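A.B. asks: Dropping a prediction and its sequence here:
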Amino acid sequence: MTANANEKVLLIESQYFPPINAYKALVKHDILQIEKYEHYQKLSYRNRCYVAGPNGRMILSVPLARGKNQRTVMKDVRISNDEKWQGLHWKTLVSAYRRSPWFEYYEAELQELFEKPFDFLLDWNIACFEWTTSKLGINMPVIFTESYQKEVNGVTDARESILPGADTTGEPLYTQVFQDRTGFIPDLSILDLLFCEGKQAMAVIKKN
């Protein structure tokens, strides 16, 4: 697929249930392009996301085969399924969000996703993205890079711009499950917004 001149393309790396700021960038574009040929980078959202627990931010990290090898091309990064990580991640989500207003609404379908086996991190991340956009009502074409290019023209290159600990200025506020204990926690997974705001999540994303 080739974008038309008047279509805005967002280029970004593959991420595991990305944070809200990724979706704020996404809704300003017409097409999403995902980088397949970069080398895996540690300390990013490629294999991790953050959720809210009663004591603050918690990390969900997908274990990778042969460790976090930065020299592996992203499309070839394999998940280590020796650990029952999907079950552990699901139990964490249930424990953290079972009292949230919308968790029960999404629970059955999301549990099915966490029960499906995946061998490659890219495939898992795409499945998570497709599930999320279907719940947000985003119907956007997704294309993939055909090679790695350090500099690209004609697209919004957001690679390496949405990272854990990055500036979250402009991230919209909403009521989180444990906000009375922890205060508002920025930089969380889109799942947090969906569980807390449900069908109003897209309106929250489009704030500001």
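C.D. replies: Now that the structure is in, tell me what you want to look at. Residues are numbered from 1 along each chain as shown.
A.B. asks: hey, let's count contacts and neighbours off CA atoms from now on
C.D. replies: Noted.
A.B. asks: Now the longest helix along the chain - C-alpha only, CSV.
C.D. replies: With secondary structure taken from DSSP state H, the chain has its longest helix at helix 121-136. Provided in CSV are the C-alpha atoms of helix 121-136 (Å, rounded to 0.1, in the frame of the first residue of the first chain):
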residue,chain,number,x,y,z
LEU,A,121,7.1,-10.3,19.6
LEU,A,122,6.0,-8.3,16.5
ASP,A,123,3.0,-10.6,16.0
TRP,A,124,2.0,-10.3,19.6
ASN,A,125,2.3,-6.5,19.5
ILE,A,126,0.2,-6.3,16.4
ALA,A,127,-2.5,-8.5,17.9
CYS,A,128,-2.6,-6.2,20.9
PHE,A,129,-2.7,-3.1,18.7
GLU,A,130,-5.6,-4.6,16.6
TRP,A,131,-7.6,-5.5,19.7
THR,A,132,-7.1,-2.0,21.2
THR,A,133,-8.0,-0.1,18.0
SER,A,134,-11.1,-2.2,17.6
LYS,A,135,-12.3,-1.1,21.1
LEU,A,136,-11.4,2.5,20.4
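A.B. asks: where along the chain do the helices fall?
C.D. replies: 20-26, 85-97, 103-114, 121-136, 179-182, 190-197, 201-205.
A.B. asks: can you redo those as CSV with mean pLDDT?
C.D. replies: Converted to CSV, these look like this (pLDDT from 0 to 100):
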stretch, mean pLDDT
helix 20-26, 92
helix 85-97, 98
helix 103-114, 98
helix 121-136, 96
helix 179-182, 96
helix 190-197, 98
helix 201-205, 96
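A.B. asks: before we move on, back to that, in the longest helix of the chain, what's buried?
C.D. replies: 121-130, 132, 136 (16 or more other CA atoms under 10 Å).
A.B. asks: Check stretch 162-178 too.
C.D. replies: 162-164, 171-172, 176-178.
A.B. asks: Mind checking which of the residues you listed are in strands?
C.D. replies: With strands taken from DSSP state E, there is no overlap with the buried residues of stretch 162-178.
A.B. asks: Make a markdown table from these and add pLDDT to it.
C.D. replies: Putting the buried residues of stretch 162-178 into a markdown table (pLDDT from 0 to 100) gives the following:
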| residue | pLDDT |
| --- | --- |
| Ile162 | 86 |
| Leu163 | 85 |
| Pro164 | 86 |
| Glu171 | 82 |
| Pro172 | 87 |
| Gln176 | 96 |
| Val177 | 96 |
| Phe178 | 96 |
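A.B. asks: Looking at those residues, which is nearest Gln41?
C.D. replies: Nearest to Gln41 among the buried residues of stretch 162-178: Leu163, at 10.9 Å, using CA to CA.
A.B. asks: about what we covered before: can you redo the helices of the chain as JSON lines with distance to Asn6?
C.D. replies: Shown next, in JSON lines, are these (distance: least, CA to CA, whole Å):
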{"stretch": "helix 20-26", "distance to Asn6": "16"}
{"stretch": "helix 85-97", "distance to Asn6": "40"}
{"stretch": "helix 103-114", "distance to Asn6": "35"}
{"stretch": "helix 121-136", "distance to Asn6": "23"}
{"stretch": "helix 179-182", "distance to Asn6": "42"}
{"stretch": "helix 190-197", "distance to Asn6": "28"}
{"stretch": "helix 201-205", "distance to Asn6": "23"}
